[in-house]
Structures are given as C-alpha cells and as structure tokens.
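>>> no sequence on this one, just coordinates:
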C-alpha cells in the first residue's frame, strides 16, 4: 500500500489525527496504532521534502482534518460558564434576540382614567465580528529533517494560536463592556492592596444580579485569585476545608457565595501578551453573552520550489462576540 493511500485511510476517522498530534507535541507515550501513524506521516512528509511536490495539497488537507473540529470547540471551561455558543454559515447573518426585562410600570390611576405608557425593550443585537488568520511556512529541509514531528507541531500550534486569540478577544470584550459606574470597584495599588471590604462589594453586586439557577463566579489571573485568600483578616473567616485548600493549592475555591476561578499568568499568546487582562478581578452572575462561530477554517497551500518551502495561509476563522447582559458583570480594578 502506498504512503498516500495509507494516509487517506488514517484521515477517514474523526479526531484520530488530532489525538495523535496532541500526544506527539506533548511527548506522550504512543499506542502501537499511533506509532504506525507516525511512520506513515513521517514517510509522507519526508517524501514531499525530497521531491518538492505536493500537488494535491495534502499538507493543507491533513492539517484541516486534524484541527477543523477542535478549533471550534469551546476554548475554555471558564468561558463556557459565561457565554452561550452558536454557529452559522459563512454568508449568514446573526441576530441575538435578547430576553427583554419586564419594564412595564403599574401606576396609581383614577378609575376609567389613563396613565403614562411603559414599554418593553425588544431590541435585536448583533455581535462584533472578529476574523483571525495565521500565515506561516515550512521548509523542505524541515520536512526532511523533522518529518512527522513538524507536521504535528504545525497543526497543534495553529490550533493553539486560534484558541488563544479567541480567549483574548472574549476577555478584552468583557473588560471593555464595563467601564465605570456602580459595577466597578477601584483599588489603588497592586493585588496586595485588596481588602475584604472591596471583595464584599463585588460579591454583593454579583449576588444581587443572580437569577434563579445561575451561579456566581469571580475570576482573574492566579495572582489576584491568590490575593483573595491573602487579604488581611480573611483567614478568621475561613473554614477548615478552605484553609486546607489554601495550604494545598495556594487558593481558595469560594468567596461570598461565588466560585473562584484562576487563570495562569504563564498562559500567553506567542507574542507574549496575557490572555486575561491584568489589574482586574471579574465577578460574573451567570451567562453574560453569546459567542457565534461563522463559516469554516480553510488552509491554502502554496509551494515555492525556488525557495524550497511551502507557504500556508490559515483563514476563514471568524467569530462574533456580544455581551448581551452587561449588568451581570462587575469588576475590581487595580491602579498604581
């Protein structure tokens, strides 16, 4: 059986190449079947590197098959708690019909008389659309030298780049939606200046916004989640279980009826930027918005035998973000 036929057989099964590529990049032990995939992909990649020929654009096809589904999965468990998800076709429009609040007002009135009219807001909302794109290249020499490992790296790193971009855009949109008023509680200084008084204000705001069945959540970078446990005098309010959690993990799991979520400060985009805004602790009262994926990821492959490389363009990754319930978000801001 030729390498191309073997490769086509491997690509028929959903998620097989993704699971394989993830384990290769993480340097996990491979099953016997996954070792066979490595051998097939290695022979195929090195053949392209030696001949400079991939007329059927199989590298692009392999990468798309590997990451097309995972790249559209929910990017983070924290975001899943905060947003509804949807998806549409590339040329479709998307409208969010927000559940209206009851803004009808009952007035005192004379019998048979009239009162002021009150109205229900049935405004339709549209998301802000983002289009993320990655362009890169892989040399024939890298294909000959790295074989299957370089193919796995290319697929998984592209998936990670898109996921990180979406996470960063979501949290940036969330931060920008709340700029002042009674939803923002300012702290002068760094995380060590956090006090129980300020945390109680955020907690009360979130609890007041919770609907039946919703769950309150407070989160930020781990250094801010840790600062909650380190607030002056807070240990006297901790149960034994909370103290054990703190001694074991350096964090507590709950505060004032809200779950605490920490986001690693080491998790950054390839350009070194944090995915979650620094200087912030967010409080969330249930679902605050919608994320909608539009269209489908595509990979365009352009060989250049003169420069002995293949250019890859990842495009079509489009998503819309809309904060539909900004009143359900509060935040603490830290300023120097």
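Yep, it's here. Worth saying up front: this structure is predicted, and the values here are computed from it rather than measured.
>>> Please count neighbours and contacts with C-alpha atoms only from this point.
Fine.
>>> Where in this structure is the helix or strand with the lowest mean pLDDT?
Within the chain, confidence by mean pLDDT, DSSP states H and E is lowest for helix 240-249 among all helices and strands, at a mean of 80.
>>> From the chain's centroid, how far away is that helix?
Taking C-alpha atoms, centre = their mean, to the nearest Å, one finds the center of helix 240-249 at 28 Å from the center of the full chain.
>>> what does stretch 205-213 give?
Between the centre of stretch 205-213 and the centre of its host chain there is 24 Å, according to C-alpha atoms, centre = their mean.
>>> quick one: low-confidence parts of this protein?
Counting by pLDDT under 70, the low-confidence segments of the chain come to 1.
>>> in it, which spans are strands?
Applying DSSP state E to the chain gives strands spanning 83-88, 96-97, 124-125, 128-139, 184-188, 216-221, 254-255, 258-263, 280-285, 289-294, 298-304, 309-323, 329-335.
>>> Give me the contacts around the longest one.
Where contact means C-alpha atoms under 8 Å, 6 or more residues apart in numbering, the residues beyond strand 309-323 that reach it are 60, 125-140, 162, 170, 173-174, 177, 288-304.
>>> which among the residues you listed end up buried?
Neighbour-count burial within the contacts of strand 309-323 applies to 60, 126-127, 130, 132-133, 138-140, 162, 170, 174, 177, 288-294, 296-299, 301-303; the criterion is 16 or more other C-alpha atoms under 10 Å.
>>> Please convert the strands of the chain to a markdown table, extending it with distance to residue 246.
Conversion of the strands of the chain to a markdown table gives the following (distance: least, C-alpha to C-alpha, whole Å):
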| stretch | distance to residue 246 |
| --- | --- |
| strand 83-88 | 29 |
| strand 96-97 | 41 |
| strand 124-125 | 42 |
| strand 128-139 | 39 |
| strand 184-188 | 23 |
| strand 216-221 | 16 |
| strand 254-255 | 11 |
| strand 258-263 | 12 |
| strand 280-285 | 19 |
| strand 289-294 | 32 |
| strand 298-304 | 45 |
| strand 309-323 | 33 |
| strand 329-335 | 22 |
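>>> Which of those strands sits closest to residue 30?
Using C-alpha to C-alpha as the criterion, the shortest distance between residue 30 and these is 24.8 Å, found for strand 128-139.
>>> Report all helices and strands that that closest one contacts.
Judged by 3 or more C-alpha pairs under 8 Å, 6 or more residues apart in numbering; DSSP states H and E, strand 128-139 is in contact with helix 148-177, strand 309-323.
>>> Tabulate the ones you listed (JSON lines), appending distance to residue 90.
As requested, those are arranged in JSON lines below (distance: least, C-alpha to C-alpha, whole Å):
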{"stretch": "helix 148-177", "distance to residue 90": "18"}
{"stretch": "strand 309-323", "distance to residue 90": "8"}
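>>> Residue 103 is nearest to which of these?
Shortest separation from residue 103 across those is recorded for strand 309-323, at 20.2 Å, computed as C-alpha to C-alpha.
>>> how about the helices of the stretch 1-150 of the chain, start to end?
In order along the chain, the stretch 1-150 of the chain carries the following helices (DSSP state H, counting those that start in this stretch): 3-11, 16-25, 32-51, 58-67, 77-82, 140-146, 148-177.
>>> can I assume residue 270 is in contact with residue 161?
Yes. In this structure residue 270 lies within contact range of residue 161 using C-alpha atoms under 8 Å: 7.4 Å.
>>> between those two, which one's more packed in?
residue 161 (17 against 12; other C-alpha atoms under 10 Å).
>>> separation between the more buried one and residue 75?
According to C-alpha to C-alpha, to the nearest Å, residue 161 stands 11 Å off from residue 75.
>>> With residue 241 instead?
If you measure residue 241 against residue 75 using C-alpha to C-alpha, the figure is 31 Å.
>>> Could you do residue 271 as well?
Looking at residue 271 against residue 75, where the rule is C-alpha to C-alpha, the gap reads 19 Å.
>>> do the same with residue 187
Relative to residue 75, residue 187 is positioned 30 Å away (C-alpha to C-alpha).
>>> what's the answer for residue 298, then?
As for residue 298, its distance to residue 75 is 19 Å (criterion: C-alpha to C-alpha).
>>> Check residue 85 too.
According to C-alpha to C-alpha, residue 85 stands 11 Å off from residue 75.
>>> Let me know whether residue 259 touches residue 218 as I believe.
Yes. Under the criterion of C-alpha under 8 Å, residue 259 is in contact with residue 218, at a separation of 6.1 Å.
>>> So which of the two has more stuff around it?
residue 218 (27 against 16).
>>> Tell me the spacing between that one and residue 2.
Per C-alpha to C-alpha, residue 218 is found 55 Å from residue 2.
>>> Who does the nearest residue to residue 127 once chain neighbours are set aside form a beta bridge with?
In space, and not counting its chain neighbours, residue 127 is closest to residue 322: 4.6 Å by C-alpha to C-alpha, 6 or more residues apart in numbering. Note on residue 322: beta-bridge partners residue 290, judged by DSSP bridges.
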